[in-house]
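**Q** Got a predicted model here, sequence first, then my questions.
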Amino acid sequence: MRHVYPFSALVGQEEMKLALLIAAVDPSIGGVLVFGDRGTGKSTAVRALAALLPKMRVVEGCRYHCDPGANGSRCSECHERAAKGNLRSKLVPVPVVDLPLGATEDRVVGALDLERALAHGQKAFEPGLLARAHRGFLYIDEVNLLEDHIVDLLLDVAASGENVVEREGLSIRHPARFVLVGTGNPEEGELRPQLLDRFGLSVEVRTPDSLELRVEIVRRREEFESDPAAFVAAAKKADDRQRRTIAAARAKLSSIVVSDDARRQAARLCMSVGTDGLRGELTLIRAARALAGLERDDAVADHHLRRVAPLALRHRLRRDPLDESGSTARVDRALAESFGS
């Protein structure tokens, strides 16, 4: 049995962990972009979170992990099963799918099943990575090095929530909604603005500069590698608490009150930093609401907006040639002006 490092045992990188938890509570936020140094626990955190999440209910036998309770977003095969009254379901872990940099278009979106075509003369669809990632996480390491045509594919699917494949006489549509998590090193190239804007939250991670923190991270990693089963068992109670918190936040999300005052604060903040469009406001409100759910609050307040503003806005700022300060500093300055120091 392969053990996954427990989410509750992660030390440091609090902003990254918060962004992932918020995206897990409300996947409509649009995913998380994590930029920074290598070896700072980015991929470990994503896999730890997926293992932490409550199992999801899927249609038994469905290749796309369709939700049996979502009538409008099932694949055609599940619609046929439902019409015949034999729609069975089961619980499965939330998937985490890696999208390699060299992946071909066929591998990403799916293609003709050549084995069945050659052996039986049948045209059948072989699902791709987008199908496997539906209702889970699509993880892209070094996302800033992704080929442009794959970026365009991801943009189309992220916007529609549906993957459409028409080739070799096949015409296939299936749901493809996932939390997109991208990591990268800014020194190796910038991200295309179109894809950058599709990420709901952005996180900057750095190698810890605290001696005690570095020692603790190394100690825990050594303990995990020497006896994974015992390490995971020791963290089980903490992980179970976090799992219940996520489930409660999801259940509470629709009832959390967002006042017009909170919307004005969000709009004022976005105007202050000069974001393009209204996606910044929408993401800021959604992230603040998810944070309120995690903290068991009934309404979005200023402290929720303040805490998520850097995550939701730092990657949406226009370049200002007259302002050499970083995007985080500009957001912090706007927060101080809007809410006070």
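**A** Nice, thanks for sending it over.
**Q** Identify the residues contacting the residue nearest to Arg88 when sequence neighbours are not counted.
**A** On the basis of C-beta to C-beta, 6 or more residues apart in numbering, the spatially nearest residue to Arg88 that is not a chain neighbour turns out to be Glu60, at 4.2 Å. From N, CA and C alone the C-beta is placed, and that goes for glycine too. For Glu60, the contact set (C-beta atoms under 8 Å, 6 or more residues apart in numbering) comprises Arg88, Ser89, Lys90.
**Q** how many neighbours does the second one have?
**A** Going back to what we said before, that points to Ser89. With neighbours defined by other C-beta atoms under 10 Å, the count for Ser89 comes to 14.
**Q** Then the last one?
**A** Counted with other C-beta under 10 Å, the neighbours of Lys90 add up to 13.
**Q** my read is it is in a strand, agree?
**A** Yes - Lys90: assigned to a strand according to DSSP: H, G, I helix; E, B strand; the rest coil.
**Q** rewinding a little: Glu295: which of the contacts of Glu60 is nearest?
**A** Minimum separation from Glu295 among the contacts of Glu60 (C-beta to C-beta) is found for Ser89, which lies at 31.9 Å.
**Q** Contact partners for that closest one?
**A** Arg57, Val58, Val59, Glu60, Pro68.
**Q** I'd say the third one and Arg74 touch.
**A** Spelled out, it's Val59. Yes - with contacts counted by C-beta atoms under 8 Å, Val59 reaches Arg74, the gap being 7.3 Å.
**Q** what sits in contact with each of these two?
**A** When contacts are counted by C-beta under 8 Å, 6+ apart, Val59 and Arg74 have Cys66, Asp67 as shared neighbours.
**Q** following the lowest-mean-pLDDT helix or strand in the chain, which helix or strand comes up?
**A** The helix or strand of the chain with the poorest confidence is helix 114-120; it has a mean of 56 (mean pLDDT, DSSP states H and E). With elements assigned by DSSP states H and E, the helix or strand that comes after helix 114-120 is strand 125-127.
**Q** C-terminal to that next one, what's the next element?
**A** Taking DSSP H and E, what comes next after strand 125-127 is helix 129-133.
**Q** Show me what the helix or strand that comes right after that next one is packed up against.
**A** Reading on from helix 129-133 to the C-terminus, the next helix or strand found by DSSP H and E is strand 137-141. Contacting strand 137-141 under the criterion 3 or more C-beta pairs under 8 Å, 6 or more residues apart in numbering; DSSP states H and E are the following elements: helix 42-52, strand 96-98, strand 179-184.
**Q** tell me the angle the last one makes with strand 137-141.
**A** It refers to strand 179-184. Our comparison of strand 179-184 with strand 137-141, counting by axes from the mean of the first three to the mean of the last three C-alpha atoms, to 10 degrees, yields an angle of 10 degrees.
**Q** Let me know the average pLDDT across strand 179-184.
**A** Mean per-residue pLDDT for strand 179-184: 87.
**Q** Kindly report the same for the second one.
**A** On average, the pLDDT along strand 96-98 is 88.
**Q** how far out from the middle of the chain is that strand?
**A** Shown here is strand 96-98, whose average C-alpha point lies 11 Å from the average C-alpha point of the whole chain (C-alpha atoms, centre = their mean, to the nearest Å).
**Q** And that strand, what does it pack against?
**A** Using 3+ C-beta pairs under 8 Å, 6+ apart as the contact criterion, the neighbours of strand 96-98 among helices and strands are helix 42-52, helix 129-133, strand 137-141.
**Q** next structured bit after the last one?
**A** For strand 137-141, the following helix or strand on the C-terminal side (DSSP H and E) is helix 148-160.
**Q** got the contact list for that following helix?
**A** Residues from elsewhere that reach helix 148-160, judged by C-beta under 8 Å, 6+ apart: 30-31, 99, 103, 105, 108-109, 130, 146, 163, 176, 180, 192, 194-195, 198.
**Q** Just give me the closest of the residues you listed to His304.
**A** Minimum separation from His304 among those (C-beta to C-beta) is found for Gly30, which lies at 18.0 Å.
**Q** give me phi/psi at that closest one?
**A** Main-chain dihedrals, Gly30, degrees, to the nearest 10: phi 110, psi 20.
**Q** Isn't it up against Phe199?
**A** Yes - judged on C-beta under 8 Å, Gly30 makes contact with Phe199 at a distance of 6.0 Å.
**Q** overlap in contacts of the two?
**A** With C-beta under 8 Å, 6+ apart as the test, Gly30 and Phe199 both reach Leu180.
**Q** And the strands in the stretch 201-341 of the chain, which stretches?
**A** With DSSP state E, counting those that start in this stretch as the criterion, the stretch 201-341 of the chain has strands at 201-205.
**Q** Compare Gly30 and Phe199 (neighbour count), which wins?
**A** When Gly30 and Phe199 are compared for neighbours, Phe199 comes out ahead with 26 against 22, by other C-beta under 10 Å.
**Q** Identify the residues contacting the nearest residue in space to that one that is not next to it in sequence.
**A** Leaving aside its sequence neighbours, Phe199 sits nearest to Leu33 (C-beta to C-beta, 6+ apart; 4.0 Å). Shown here is Leu33, whose contacts under the criterion C-beta under 8 Å, 6+ apart are Val143, Val181, Gly182, Thr183, Gly184, Leu191, Leu196, Phe199, Leu201, Ser202, Val203, His315.
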